[in-house]
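Chemist: just coords:
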């Protein structure tokens, strides 16, 4: 866990020193955070919030970073949905899902109960974030219904994380003064 913390610290420092690369960094982090299998190993939301804290104070502009993060998250879920469609139930036997057998049934129950709204809601809950798009693909949720929920939730999710980071930095600056 310490290695992941150090890695994200370096990523955030890189974004601080290279503001032009911040949208690409946000895309990659959000993609990893939203991609089935990888998101269980690389919890990148903390780095996304930390980069949000740099908005304004280090020359990083909100709009390109927001778009980069949202598109990365949407592409990660899109690929997860596609993997679910292609591999179906065999994904449950692949690592790391084989070590977390409860994720697929929990995701299935969630998607069956909530439908497309479940895609939107699932984006905001860590354990579900990895399983819901995969399960939507396995159960062949209609493509455009999935994509509408996927892209709209990605833009809201990215805005929430960035705004959270920006708000924390402003409160921290206020408290320090």
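Modeler: Perfect, I can see it now. In this text, all values refer to a predicted model and were calculated from it rather than measured experimentally.
Chemist: do a quick rundown of the helices in this protein.
Modeler: 2-17, 22-34, 38-41, 45-53, 62-87, 103-114, 116-122, 126-138, 143-176 (DSSP state H).
Chemist: residues contacting the nearest residue to residue 36 once chain neighbours are set aside?
Modeler: Counting by Cβ to Cβ, 6 or more residues apart in numbering, residue 80 is the residue found nearest to residue 36 once chain neighbours are left out, at 3.9 Å. Quick note: C-beta positions are derived from backbone N, CA and C, even for glycine. By Cβ atoms under 8 Å, 6 or more residues apart in numbering, residue 80 lies in contact with 34, 35, 36, 130, 133, 134, 137.
Chemist: give the contact list for the nearest residue in space to residue 27 that is not next to it in sequence.
Modeler: Distance criterion Cβ to Cβ, 6+ apart; nearest residue to residue 27, sequence neighbours excluded, is residue 72 at 3.7 Å. Counting by Cβ under 8 Å, 6+ apart, residue 72 touches 26, 27, 28, 29, 30, 31, 33, 34.
Chemist: and what of residue 52?
Modeler: For residue 52, the contact set (Cβ under 8 Å, 6+ apart) comprises 65, 161, 162, 163, 164, 165, 166, 169.
Chemist: which among those count as buried?
Modeler: Among these, the ones that count as buried by 16 or more other Cβ atoms under 10 Å are 65, 161, 162, 165, 166, 169.
Chemist: please report how far the closest residue to the fourth one other than its chain neighbours lies from residue 15.
Modeler: Spelled out, it's residue 165. Of all residues not flanking residue 165 in the chain, residue 52 sits nearest, at 2.4 Å (Cβ to Cβ, 6+ apart). As for residue 52, its distance to residue 15 is 10 Å (criterion: Cβ to Cβ, to the nearest Å).
Chemist: what's the answer for residue 154, then?
Modeler: 19 Å.
Chemist: what of residue 69?
Modeler: 11 Å.
Chemist: look at these two and report which has more neighbours.
Modeler: Shown here are residue 69 and residue 15; by other Cβ atoms under 10 Å, residue 69 has more neighbours (32 against 24).
Chemist: so the more buried one makes contact with residue 30?
Modeler: Yes - Residue 69 lies in contact with residue 30 (Cβ atoms under 8 Å); the separation is 4.4 Å.
Chemist: residues that sit against both of those two, list them.
Modeler: 48, 158.
Chemist: give the burial count for residue 59, as a bare number.
Modeler: Residue 59 has 12 neighbours, counted by other Cβ under 10 Å.
Chemist: so what's the residue nearest to it when sequence neighbours are not counted scoring on pLDDT?
Modeler: Using Cβ to Cβ, 6+ apart and skipping the chain neighbours, the partner closest in space to residue 59 is residue 19 (4.5 Å). Note for residue 19: predicted pLDDT of 77.
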